[in-house]
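Asker: Dropping the sequence and predicted coords here.
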Amino acid sequence: MATKKEQYEQDLIKCAGKYVAVSDHTVIACGRSISEVEKKVSKLKKNVKRPIIFPLPKNAGGHNSFNVV
């Protein structure tokens, strides 16, 4: 079982080159545009804090490329 940080990094790698929505150290959606991500987030029924949506470069990944705050 991956730790929360490892799962977060794996999810970010899957979303490389797209826009990604992150809330509370969890990737909740990713898509090709901000509006696509916002639609996916709005469909989620769980109580999600306002997510941060940002573009993720294609070369995201690797050991030290994420600064998990």
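Answerer: Looks like it arrived, so ask away. Just so we're clear, the structure is a prediction, and the values are computed from it rather than from any experiment. Numbering: from 1, shown residues only.
Asker: how about the one helix or strand Lys5 maps to: buried residues?
Answerer: Secondary structure from DSSP states H and E places Lys5 in helix 4-14. For helix 4-14, the buried set under the neighbour-count rule, 16 or more other C-beta atoms under 10 Å, comprises Tyr8, Glu9, Asp11, Leu12. (Each C-beta comes from the backbone N, C-alpha and C, glycine too.)
Asker: right, and the pair among those residues with maximum separation?
Answerer: Glu9 and Asp11 (7.3 Å; C-beta to C-beta).
Asker: And the strands in this protein, which stretches?
Answerer: With DSSP state E as the criterion, the chain has strands at 19-23, 26-31, 52-55.
Asker: so how far is the helix holding Lys5 from its chain's centroid?
Answerer: Between the mean C-alpha location of helix 4-14 and the chain-wide mean there is a distance of 8 Å, by C-alpha atoms, centre = their mean, to the nearest Å.
Asker: now for it, which elements pack on it?
Answerer: strand 26-31 (3 or more C-beta pairs under 8 Å, 6 or more residues apart in numbering; DSSP states H and E).
Asker: Grab the CA positions of the strand it packs on and hand them over as CSV.
Answerer: The C-alpha trace of strand 26-31 is given here as CSV (Å, rounded to 0.1, in the frame of the first residue of the first chain):
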residue,chain,number,x,y,z
THR,A,26,-5.0,14.5,-3.1
VAL,A,27,-5.4,14.7,-6.9
ILE,A,28,-9.1,14.8,-7.5
ALA,A,29,-9.3,15.4,-11.2
CYS,A,30,-7.3,16.1,-14.3
GLY,A,31,-8.1,17.1,-17.9
